[in-house]
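Enquirer: sequence first, then the predicted structure:
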Amino acid sequence: MTTPLLDVRDLDVTFTTPDGPGLRAVRGVSFTLRRGETLAVVGESGSGKSTTALALLRMLPGTGRITGGSVRLDGTELTTAPEDELRAVRGTRIGMVFQDPMTALNPVLTIGRQLDEVLRAHGGRDRAARRARALELLSLVGIPDPARRVDDHPHRFSGGQRQRVLIALALAGEPDVLVADEPTTALDATVQDQILTLLGDLTRTTGTALLLITHNLGVVARTCDRVLVMYGGTVVEDGPTAEVLARPRHPYTAGLLAAVPRLSTPSGTRLTGIPGTPPDLSLPLAGCAFAARCALAEDRCRTAAPPLTALATAAGPVRAACHPAAERSVPLPPPPPPVRAERPAPGPVVLAAEELRKTYRGRGRHRHTALDGVSLTLRAGETLGIVGESGSGKSTLARILAHADPADAGRILLDGQDVTRPGRTALHAVRRRVQMVFQDPYASLDPRMTAGDIVAEPLRAFGIGTPADRPARVAALLRTVGLDPAAADRLPRAFSGGQRQRIGIARALAPEPAVLLCDEPVSALDVSVQAQITGLLTDLQRDLGLALVFIAHDLAVVRQVSHRIAVLHDGRIVEEGDADEICERPRAAYTRALLAAVPEPVPAARAEEFAA
Amino acid sequence: MTSTLPAPAATGEKAARRPRHPYLTALATARGRTGLALVGLVVLAGLLAPLLAGHPPTDQSGLTLAPVGTPGHPLGTDDLGRDLLSRLLYGIRADLGIIAAAVPLGAALGCLLALAAAAHPAADTAVQRLFDLILAFPGLILALAVTAALGPGRLPVVLVIALAEIPVFGRLLRTGILAQRGREYVTAARVGGSSGRRILTRHVLPNAADPLVVQIAVSLTVAVFLEGAMSFLGVGVRPPEPTLGAVLSQSMPHLAQAPHFAAGPLVTVTALVLGLSLVAEALNREIRR
């Protein structure tokens, strides 16, 4: 075997903080990438995956510095290379594709100009040749009719097309390595599918090696030959994708796989989340980063960091950083099959909507119809899942049902009473019965109020209890959502994303509502935390008899938590029915397309084992 | 029910250490400390003027245009034989009195108008046009107009500075309120049943106030200049009462023979403006993080 194209050894990255020791985001990461190979780096937020990718080209943000290790590209050391040498490497040897295609293109330049700029920086050929090459690149990434589109500005392209243009920009310098940092996270499932197909085709046809950074195991299974699993800044497992995802050796990989919702999992089952939260990287780490959350942890796991040890497997070399795994000859047992949680039968109808319409007026005469005659009913103790891609009107629906925005037409009935346009006192009464959990756990909490004050706010607003007994009520609510009541006097920034979402749920539960509207409550969270939150919502529904509206773009999560599912497309419900029925026997073409686009994390052969 | 998660960062000393207020952190930086020291020095000189000055600021002696270091007159005397140190210290005192009254007055009026604008769309239009009207007059034209109406003196200077600051603070707070009102936590508070007034005072205002604190430091700097300019043009505080601008104006014909005449006010204004700018910059950097 020839020398690897990219060889990363013992890479350490530290972010210096104004007070206290630095934050060690990446700790001793080693991996290699061969020509034409596709490698996925997978991990949850804070695992150091993006930092690793940025460190390759020394493009670390803020105070980040490489504090150890080496990065060799074809034998050239990059960590110590002078800046001008590095600039030559960027683009020509290593190209990068970023997460958000909406902001990564300059809106005032045509895409032809932007491609031309990159080509000039790398080649300096004459203008006609550059233009020909730009057209060639655009057709390579699948932009239809490139000769006409090349002079268009970015706003005339859809999100998926912009990501294609960004890939074209990254490929303009004919790099040996393409680094794609969460290239499909901001895109809808059907578009994600197209972009992943494109990346796969490109690596095959051009021989470019692909380093794909993602948090989505389904994307990994779909695109890459090899996978590197990161946790707490360290590599915990590394090997051929099929082998690692089917027979994980490290307990973290196994836990992550068990936490991923599958489309094949029937409605009403529970996912097994990984208990606890990721490690605080500003603290020194003695043993295995995962030991605190690991069910199989032994004493030595907490004292000595396990080295990445090669394990002999049938399918190829797998390495895992785990003391017990190094001694075990068999892979971890597969997770137990999902069990159906007992759910009370839904009660009478609480909330009903009839023919809701909402139109937003844009600039000039342009109008955008967000909701076009949506009707639905919700029973007590029932979960109604609402699925749709971006722009389908699902958030608008939630805001109208929560009376955050008024509807243009239609009726909303709460307990049989018309509450479409309530008066001031009626609105107050409605709000007490209908509460909402928001998508972004960072934006939905006032950064200047403590967790306790945030949860106490609705108690004050609805005059529940006396000021003297409110602290006790807040403590009880925090306990209900699984938080320590002692955390009540901390500001939101002291909490992790999952904990913030718990605060948001406690706030929504404070007025003892009958209906909880959840607008993408888990889409901003990591999979292991996502399973904790969906489990919490299911428990709360069982204990409090809540009616839930669960809005999400991820069909697998929605199927698992919902009794019924409504599929929303362009402001209309295209299909509605029993959750399992919709996922197994979809009738609408749009539902079928949506189902087909969901990448499954476990290869087909293994999925049968699960089913058995 | 789910098991209770441990509180974040509950381990040992980290929980005990409460995070410091960002303003304090900002002022503790080298930039913030230097700025505070410069401002503090000037303010102290103004406050202690009656103790530090050997002579009343309007007393005339026989010595005219005495050089620096003359016994009894450490900074020399002016063309009328008045002690320059005394005039400088009392000038600082007068200046500080004016800006300390005018800037908070302008800021308060601006913020009140911004709140009115936030309350109702019709009020918003009215307030916006009022701001435009004030901004349509350049500062000095406004100064001349006000003085023409009220006559020279301390009050017109305060009024002119306050008027000039109203739209600055008003627009800043209005923008802040609009930006915060679109945030998700405000929707959450609305759905949570909080009243409009409580949302404004408890959620929106505290989160929109950061830029105002920086603006106060910037506005104090502008006020120093504006007072100086008005007194320099003779439309400010009435002579013989000293202000920094008036002393500077008086020194102009004698610059060739007695450059030290202008040095005192120039150095003081520079120190004050530099100090305030450093404080503003330090606050701004900390808040933007």
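Expert: Happy to help now that I have it.
Enquirer: touching, A:Thr253 and A:Val229? I think so.
Expert: Yes. At 5.0 Å, A:Thr253 and A:Val229 qualify as touching, with contact defined as CB atoms under 8 Å. Where C-beta positions appear, they are placed from N, C-alpha and C, glycine not excepted.
Enquirer: any idea which helix or strand carries B:Leu63?
Expert: Under the criterion DSSP states H and E, no helix or strand holds B:Leu63.
Enquirer: chain neighbours aside, what residue packs nearest to it?
Expert: Nearest non-adjacent residue to B:Leu63, counting by CB to CB, 6 or more residues apart in numbering or on different chains: B:Thr77, 5.1 Å away.
Enquirer: can you get me a residue count around that neighbour?
Expert: As a burial measure, B:Thr77 scores 26 neighbours (other CB atoms under 10 Å in any protein chain shown).
Enquirer: ok, now how distant is it from B:Gly264?
Expert: Distance from B:Thr77 to B:Gly264, counting by CB to CB, to the nearest Å: 12 Å.
Enquirer: now list whatever residues contact both of these two.
Expert: Residues touching both B:Thr77 and B:Gly264 by CB atoms under 8 Å, 6 or more residues apart in numbering or on different chains: B:Leu84.
Enquirer: help me confirm that B:Ala116 comes into contact with B:Val127.
Expert: Yes. With contact defined as CB under 8 Å, B:Ala116 counts as touching B:Val127 (6.0 Å).
Enquirer: those two - which one has more neighbours?
Expert: More crowded of B:Ala116 and B:Val127, by other CB under 10 Å: B:Val127, with 25 against 15.
Enquirer: same for the helix or strand where that one lies, what does it pack against?
Expert: If you go by DSSP H and E, B:Val127 is part of helix B:121-136. For helix B:121-136, the packing partners by 3 or more CB pairs under 8 Å, 6 or more residues apart in numbering or on different chains; DSSP states H and E come out as helix B:84-119, helix B:154-181.
Enquirer: the closest residue to A:Thr32 other than its chain neighbours: neighbouring residues, count only.
Expert: Excluding its sequence neighbours, the residue lying closest to A:Thr32 (CB to CB, 6+ apart) is A:Pro4, at 3.8 Å. A:Pro4 is flanked by 18 other residues according to other CB under 10 Å.
Enquirer: which secondary structure element is home to A:Pro4?
Expert: A:Pro4 belongs to no helix or strand when assigned by DSSP H and E.
Enquirer: let me see the contact set for it.
Expert: Here A:Pro4 is in contact with A:Thr32, A:Leu33, A:Arg34 (CB under 8 Å, 6+ apart).
Enquirer: select only the buried ones of these in PyMOL?
Expert: A single PyMOL command selects the buried members of these (16 or more other CB atoms under 10 Å in any protein chain shown):
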select buried, chain A and resi 32+33+34
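Enquirer: closest to chain B among the contacts of A:Pro4?
Expert: Nearest to chain B among these, counting by CB to the nearest CB, is A:Leu33 at 35.6 Å.
Enquirer: residue numbers of the stretch 151-289 of chain B in contact with chain A?
Expert: Counting by CB under 8 Å from any CB of the partner chain, the stretch 151-289 of chain B comes close to chain A at B:183-185, B:187-195, B:198, B:202-203, B:206-207.
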